[in-house]
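Colleague: Any chance you could fold what I've pasted below:
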Amino acid sequence: MQAHSDEEEAGQEPRLRDTPEDISLEAAANTIAFHPSQDIIAAGDVDGDVYAYSFSCLEGGNKELWSSGHHLKSCREVSFSPDGQKLFTVSKDKCIHILNVEDGRLVTRFSKAHSSALNSLLVIDEHLFATGDDSGELRVWDLRKGTSIMEMKQHEEYISGMALDANKKLLLTSSGDGTMGVFNIRRRRFELLSEPQNGDLTAISLVKRGRKVACGSSEGTIYLFNWNGFGAASDRFALKAESIDTLVPVTDSIVCTGSTDGVIRAVNILPNRVIGSVGQHTGEPIEQLAKCPTSPFLASCGHDQKVKFWDISSLNSVVVDDYRKKKKSGQLKSLSRKAIGSGEDFFAGLREAAEPEEKEDDQSSDTDSD
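Modeller: Coordinates of the predicted model:
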């Protein structure tokens, strides 16, 4: 029998929190994704298990809906279909699984989908999705045909992330070989690779209403590319972070980054400025961030085997002007109530940001050890 809390016995409502409580998993999660229209989050872990949870700001309101152990090795990416009825998962075991969101049942399986371990996934529309593997091969799949309709290997190293333009014509890839790839999925052809940047490109996202592309790197630098100027980076911005392992746009100009140092930074793009810290997995690397489409929450998963939720509503009103004031203190400003911000804490030594022209020490970090 389930134990009732003191509040319930006293006839009181459960306490309402600013954000949902942490979700504790049995293994570290590599990947998380929010449902497009319901308060559901999915997670895939290093053991190959996939979970779906409903979340709520009520105390004790998170509930595990189902778990699936179909993958034999680490699950590296999960993503919902546009209608929210299916969950796509890819794994180090080279398989693609499509699960029914309602009950976690396996609906479709592509075994040996690639010749190398799968690393990234992008759902394009209700019929098409793309996958990238550890050897740099990209494949686009058509569910109507039950097979891949485009196979290209232009990268020398793993494909870490993918992004799509609003017209769903150009698919962009970031790779461990330091290049960004551009593929025309309508015409099924390769367009170009960018010049290689320093370190692995670890994440990719469109910003500034699709006019700019931002790539994170293992060196802790954000590289910016102009739309239609994909050959060479137009700007670079070095964060005082060990690496940028995940990067998610939260407004037209602001992205949140997750790093090996466990800090989630909010970063304004053009003018390039670190705004502050949204939160942290204290001393544990962050694997992935996801922005909730239905609430002002950012979720993060890290090596501490937790999925955490952060309130990012304050970022909608942030305005960054070109004038750079001299910082009196070197610590990151706290942007949410759960972000550590007192002077004596673990992050007090973190410096806010490097000037774009400052040279950072090379600190290459392999983000894909699972």
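
Colleague: So which residues of the stretch 1-150 of the chain form strands?
Modeller: Using DSSP state E, counting those that start in this stretch, the strands of the stretch 1-150 of the chain run over 23-24, 29-34, 40-45, 50-54, 63-68, 75-80, 86-91, 96-100, 106-110, 118-123, 128-133, 137-142, 147-153.

Colleague: looking at the ones you listed, which is closest to Leu335?
Modeller: For the strands of the stretch 1-150 of the chain, proximity to Leu335 was assessed by Cβ to Cβ; strand 29-34 is nearest, at 19.8 Å. Heads up, the C-betas are built off the backbone N, CA and C, glycines and all.

Colleague: Minimum distance to Ile340: which of the strands of the stretch 1-150 of the chain has it?
Modeller: Nearest to Ile340, of all these, is strand 23-24, at 19.8 Å by Cβ to Cβ.

Colleague: and that closest one, how far from the chain's centre?
Modeller: When distances are taken as Cα atoms, centre = their mean, to the nearest Å, strand 23-24 is centred 18 Å away from the chain's centroid.

Colleague: picking that back up, right, and the strands of the stretch 1-150 of the chain - which one's nearest Gly161?
Modeller: Proximity to Gly161, assessed across the strands of the stretch 1-150 of the chain by Cβ to Cβ, is greatest for strand 118-123 (5.7 Å).

Colleague: Tell me which residues touch Leu143, please.
Modeller: For Leu143, the contacting residues are Thr108, Glu126, His127, Leu128, Phe129, by Cβ atoms under 8 Å, 6 or more residues apart in numbering.

Colleague: Check Lys86 too.
Modeller: Listed by Cβ under 8 Å, 6+ apart, the contact partners of Lys86 are Phe80, Ile98, Leu99, Asn100, Val101, Val107.

Colleague: and if you look at Tyr51?
Modeller: Contacts for Tyr51 were tallied using Cβ under 8 Å, 6+ apart; they are Leu25, Ala42, Ala43, Gly44, Asp45, Glu64, Trp66, Ser67, Ser68.

Colleague: swap the cut-off to 6 Å and go again
Modeller: Contact analysis of Tyr51 by Cβ atoms under 6 Å, 6 or more residues apart in numbering lists Ala43, Ser67.

Colleague: Lys94 versus that one, what's the distance?
Modeller: Counting by Cβ to Cβ, to the nearest Å, the gap from Tyr51 to Lys94 is 21 Å.

Colleague: and if you look at Leu170?
Modeller: Separation of Leu170 from Lys94 (Cβ to Cβ) stands at 27 Å.

Colleague: Asp49 now?
Modeller: To Lys94, Asp49 is 17 Å away according to Cβ to Cβ.

Colleague: Ok, Asp261 next?
Modeller: Relative to Lys94, Asp261 is positioned 32 Å away (Cβ to Cβ).

Colleague: So what touches stretch 36-46?
Modeller: Identification of contacts with stretch 36-46 by Cβ under 6 Å, 6+ apart yields 25, 27-34, 50-55, 74-75, 78, 80, 84, 87, 89, 293, 307, 370.

Colleague: Quick check on those residues: which are buried?
Modeller: Neighbour counting over these (16 or more other Cβ atoms under 10 Å) leaves 25, 28-34, 50-53, 55, 74-75, 78, 80, 87, 89, 307, 370 as the buried ones.

Colleague: Can I take it that Leu315 is in a helix?
Modeller: Yes: according to DSSP: H, G, I helix; E, B strand; the rest coil, Leu315 belongs to a helix.

Colleague: Give me the neighbour count for it.
Modeller: Neighbourhood size, Leu315 [other Cβ atoms under 10 Å]: 21.

Colleague: Could I get the contacting residues of it?
Modeller: Leu315 sits in contact with Val250, Ile254, Ala266, where contact means Cβ under 6 Å, 6+ apart.

Colleague: how about a cut-off of 10 Å?
Modeller: If you count contacts by Cβ atoms under 10 Å, 6 or more residues apart in numbering, Leu315 has them with 250-251, 253-254, 256, 266, 268, 275-276, 278, 296, 298, 335-336.

Colleague: hmm, back to that, which PyMOL command selects the buried ones in the contacts of Lys86?
Modeller: To isolate the buried ones among those in PyMOL, judged by 16+ other Cβ under 10 Å, type:
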select buried, resi 80+98+99+101
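
Colleague: As TSV, the contacts of Lys86 with distance to Ser115 and pLDDT would be great.
Modeller: Shown next, in TSV, are the contacts of Lys86 (distance: Cβ to Cβ, whole Å; pLDDT from 0 to 100):
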residue	distance to Ser115	pLDDT
Phe80	27	98
Ile98	21	98
Leu99	24	98
Asn100	28	98
Val101	29	98
Val107	24	97
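
Colleague: okay, now Ala232: neighbour count?
Modeller: Neighbour count for Ala232, taken as other Cβ under 10 Å: 11.

Colleague: let me fix that: Gly161
Modeller: Gly161 has 24 nearby residues by other Cβ under 10 Å.

Colleague: Ok, the one 4 residues further on next?
Modeller: Number of residues near Asp165 (other Cβ under 10 Å) recorded here: 15.

Colleague: I'd guessed it sits against Val213; true?
Modeller: Yes: counting by Cβ atoms under 10 Å, Val213 is a contact partner of Asp165 at 9.5 Å.

Colleague: List the residues that are in contact with both of those two.
Modeller: The overlap between the contact sets of Asp165 and Val213 (Cβ under 10 Å, 6+ apart) consists of Leu172, Val182, Leu206, Trp227.

Colleague: Who are the contact partners of the first one?
Modeller: Pointing back at Leu172 there. Contacts of Leu172 (Cβ under 10 Å, 6+ apart): 122, 161-165, 180-183, 191, 194, 204-206, 213, 215, 225, 227, 230.
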